[in-house]
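Q: sequence first, predicted model second:
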Amino acid sequence: MSIHLLGGGWADDESRWTGRFVDEARERAGGPPTIAVVLWAEDADEGATWHDDYRDDLTKLGAGTVNVVQLTAERTLLPTDLGGADGIFVGGGLTPGYHAAIMPAADTIRGLVSTGVPYAGFSAGAMIAGDVALLGGWRIGGVAVAPEKNGEGLDEVTLDAGLGLVDLVVDVHCAQHGNLSRAVAIVHAGLSDRVVAIDENTSLIVGVGGLQVAGDGSVWTADRDGDRVSIGVLAA
């Protein structure tokens, strides 16, 4: 089974990217799968406004049961929240909030994935999936490397331990929000040797067969190349 890193964005038909995750969960379940959807918001009432959207989207793609787990600053993820899940879907929002609330159950997520449960991370859920998580920020050493609105409440670009599902630092909303420069700057500053930045309505699928790209856009790569940063593009 695979790790599905989704770059954000919404579409009427997501079968070519999010649908790939649901298909893997169905294969594991041998029928309509149970998907655990993990969401974070400032408070539970705010988060509840998204519950039906996620249920409807995943059901349309073939999920049987969608169990939404609503996290807040006071309510972190518990191992029991993921019991019986054939697939784990971590949604989008404020990345530092997701990171703080989900990392207490990181061992459980890694354990389930190691047994074949597919993981999908949408935006924030993708950014925290790596060995090293990108939490946000728009400056490095006080120098702007991305639009300030992309900082997620952080000034300096901030990296921290992630879920450990992939050996990549992940950025999202790349073409739409102008985040390629942040990916390049992270590598140039020596904070990581490789960053992938995923467009909206696009997924980077990490599995036993290597890397695949699905959807409408591209996955941009920034790799250290001696004293330089090498830029690449992976298209669907």
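A: Okay, I see it. Numbering: from 1, shown residues only.

Q: tell me how far His173 lies from Gly207.
A: In this view, His173 and Gly207 are 23 Å apart by C-beta to C-beta, to the nearest Å. C-beta here means a position set from N, CA and C on the backbone, and glycine is covered the same way.

Q: list the contacts of the longest helix along the chain.
A: Taking DSSP state H as the criterion, the chain has its longest helix at helix 18-29. By C-beta atoms under 8 Å, 6 or more residues apart in numbering, the residues outside helix 18-29 that reach it are 1-2, 4, 6, 32-33, 35, 57-58, 61-64, 86-87, 89, 116-118, 120, 122, 203, 205, 214.

Q: quick check on those: which are buried?
A: 1-2, 4, 6, 33, 35, 57-58, 61-64, 86-87, 89, 117-118, 120, 122, 203, 205, 214 (16 or more other C-beta atoms under 10 Å).

Q: if we can go back for a sec, in helices, which of the contacts of helix 18-29 appear?
A: Those of those mapping onto helices are 57-58, per DSSP H.

Q: in the lowest-mean-pLDDT helix or strand in the chain, what's buried?
A: Here the helix or strand of the chain ranked lowest by mean pLDDT, DSSP states H and E is helix 44-48, holding a mean of 81. Going by neighbour count (16+ other C-beta under 10 Å), the buried part of helix 44-48 is Gly47.

Q: kindly report the same for stretch 121-136.
A: Quick answer for stretch 121-136 (16+ other C-beta under 10 Å): 121-130, 132-136.

Q: what's the answer for stretch 60-74, then?
A: For stretch 60-74, by 16+ other C-beta under 10 Å, it's 61-72.

Q: related to what we said a few turns ago, starting at the chain centroid, how far to the least confident helix or strand of the chain?
A: In terms of C-alpha atoms, centre = their mean, to the nearest Å, the centre of helix 44-48 is found 20 Å from the chain centre.

Q: who's in contact with it?
A: Looking at helix 44-48 with C-beta under 8 Å, 6+ apart, the contacting residues turn out to be 39-41, 70-72, 75.

Q: just to revisit the earlier point, show me the buried residues of stretch 60-74 that map onto strands.
A: 65-71 (DSSP state E).

Q: next, format the residues you listed as JSON lines and append pLDDT.
A: Converted to JSON lines, these look like this (pLDDT from 0 to 100):
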{"residue": "Thr65", "pLDDT": "97"}
{"residue": "Val66", "pLDDT": "97"}
{"residue": "Asn67", "pLDDT": "97"}
{"residue": "Val68", "pLDDT": "97"}
{"residue": "Val69", "pLDDT": "97"}
{"residue": "Gln70", "pLDDT": "96"}
{"residue": "Leu71", "pLDDT": "97"}
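
Q: closest to Ala106 out of those residues?
A: Leu71 (13.6 Å; C-beta to C-beta).

Q: wait, Ala189 touches Ile140, no?
A: Yes - contact between Ala189 and Ile140 holds when scored by C-beta atoms under 8 Å: they sit 5.1 Å apart.

Q: so these two - more neighbours on which side?
A: Just comparing Ala189 and Ile140: by other C-beta atoms under 10 Å the higher neighbour count belongs to Ile140, 17 against 14.

Q: all set, thanks.
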